[in-house]
Structures are given as C-alpha cells and as structure tokens.
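K.L.:
Build me a structure from this.
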Amino acid sequence: MIIIHAVQKLQNTSRLKAPLYVSEASPSQVLHRWYARLVSTSFPGKMLVMYMHEPSGLTILVHGKTIQSTHFFFKERLSKLLSRLGFTSSFIENEMSLQEEGYVVGKTNSKSMLARMNQINYQVEYQCSRAATYEEIPLGWMEEQIAEYPYHDPVTKKYRKLIDYFHDLGVIDEKPSH
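P.N.:
Residues are numbered from 1 along each chain as shown. Model prediction:
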C-alpha cells in the first residue's frame with residue numbers, strides 16, 4: 001500500500017477528503033510515500049497528475065485530473081520507468097506487488113517536497129507547451145530527465161541526482177539504457 005499526499009486542488013478535483021497522517025510502510029517497501037499535484041498542460045481542459053516519491057524525488061507523470069483515474073496508469077508508468085533506469089528486477093517485482101495493495105490519500109505535510117514539486121512543475125509545463133498535441137507530451141522522456149536533475153540533499157548538504165538515492169540503497173544493477 002502507498003500513501004499519496006495530495007495537494008488541496010487535486011483532492012478537490014478527485015472529490016476526496018484526506019486526514020493528515022494515514023499509514024506506515026511495509027518493512028521492505030521503499031516506494032511508500034508519494035506527493036501528487038495537478039500540472040497545467042497548455043491544452044484546454046487537459047491536465048497531468050505529477051506523482052513524486054518522498055524522499056528521492058522520483059517522478060511519474062500521468063495524463064488525467066484525478067487520483068482515481070490515474071492510479072492504474074501511475075503503477076504501469078512506475079514499473080516501466082524503474083526498468084528504464086536500470087533497477088533490479090527483484091526490487092521492481094517487490095515494489096509493484098506492494099503497490100497492488102492500493103493507496104490511501106493524505107494531506108501534504110512537507111513544505112520542502114512541495115517546493116521540489118513546484119520547481120519541477122515549471123519544467124514540465126514548458127515541455128507540455130512544446131508538444132503539438134496533448135497525446136504527444138513526452139512523459140517518459142521527461143521522467144528520465146527529472147531522474148537526472150540535481151537537488152540539494154539536506155542530510156549530506158551536497159548536490160546529488162535523485163537516482164543517487166537508489167544507488168545508495170543498492171537497488172540499481174546496471175547503467176540505464178537511454
């Protein structure tokens with residue numbers, strides 16, 4: 001099971017009410033806590049939902065406007081991104097099996113995660129504006145680019161790529177094939 005900390009606007013479009021604290025991760029689960037927000041695409045009436053893993057910042061982008069309508073595609077896109085980035089098959093299988101337990105929605109409680117999402121949001125909106133149609137927005141390419149973005153790690157006080165978080169856990173077994 002995962003917890004999705006949704007910003008208020010996404011909770012409203014999803015017609016959900018969320019408590020502040022909801023659940024704990026399974027002991028072996030790494031990809032438990034996600035933040036989610038809506039992203040404007042410059043196509044009238046068309047939005048994306050951005051899911052960002054806390055604390056790594058791994059980002060999944062899905063066409064849609066609600067958590068309910070995008071969750072299935074979130075799981076599918078997550079599995080594909082993990083494969084493209086070179087995660088071990090055992091890690092992918094374990095995480096995806098835990099995803100099958102479903103999700104609960106909670107309120108956001110980390111200003112630093114919201115700030116990271118806002119920073120990435122500008123890049124995503126820019127790439128959306130460059131696409132000829134809503135369907136041609138390069139979601140996979142953007143997800144891979146975001147995985148290479150540097151961020152300031154508050155623990156080490158150094159700049160790192162978000163993929164380094166997973167290298168440190170030892171769950172990536174090969175160079176990604178781009």
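K.L.:
contacting residues for residue 51?
P.N.:
4, 34-36, 59-62, 74, 78 (CB atoms under 8 Å, 6 or more residues apart in numbering). Using the backbone N, CA and C atoms, a C-beta is placed for each residue, glycine as well.
K.L.:
what does residue 166 give?
P.N.:
56, 58, 85, 87, 172.
K.L.:
What strands line up against the helix or strand of the chain with the lowest mean pLDDT, and which way round?
P.N.:
One helix or strand of the chain scores below all others by mean pLDDT, DSSP states H and E: strand 150-153, with a mean of 83. Partner strands and pairing direction for strand 150-153 (DSSP bridges) are strand 158-161 (antiparallel).
K.L.:
can you give me the strands in this structure?
P.N.:
2-6, 33-40, 47-53, 59-63, 103-107, 150-153, 158-161 (DSSP state E).
K.L.:
quick one on the thing from earlier: can you redo the contacts of residue 51 as a markdown table with distance to residue 16?
P.N.:
Formatted as a markdown table, the contacts of residue 51 follow (distance: CB to CB, whole Å):
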| residue | distance to residue 16 |
| --- | --- |
| 4 | 9 |
| 34 | 14 |
| 35 | 15 |
| 36 | 11 |
| 59 | 21 |
| 60 | 19 |
| 61 | 20 |
| 62 | 16 |
| 74 | 15 |
| 78 | 20 |
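K.L.:
for the protein, which spans come out with low pLDDT?
P.N.:
Under the criterion pLDDT under 70, the flagged ranges of the chain are 19-25, 174-178.
K.L.:
circling back: which of the contacts of residue 51 lies closest to residue 132?
P.N.:
Checking the contacts of residue 51 against residue 132 with CB to CB, the nearest one is residue 61 at 17.4 Å.
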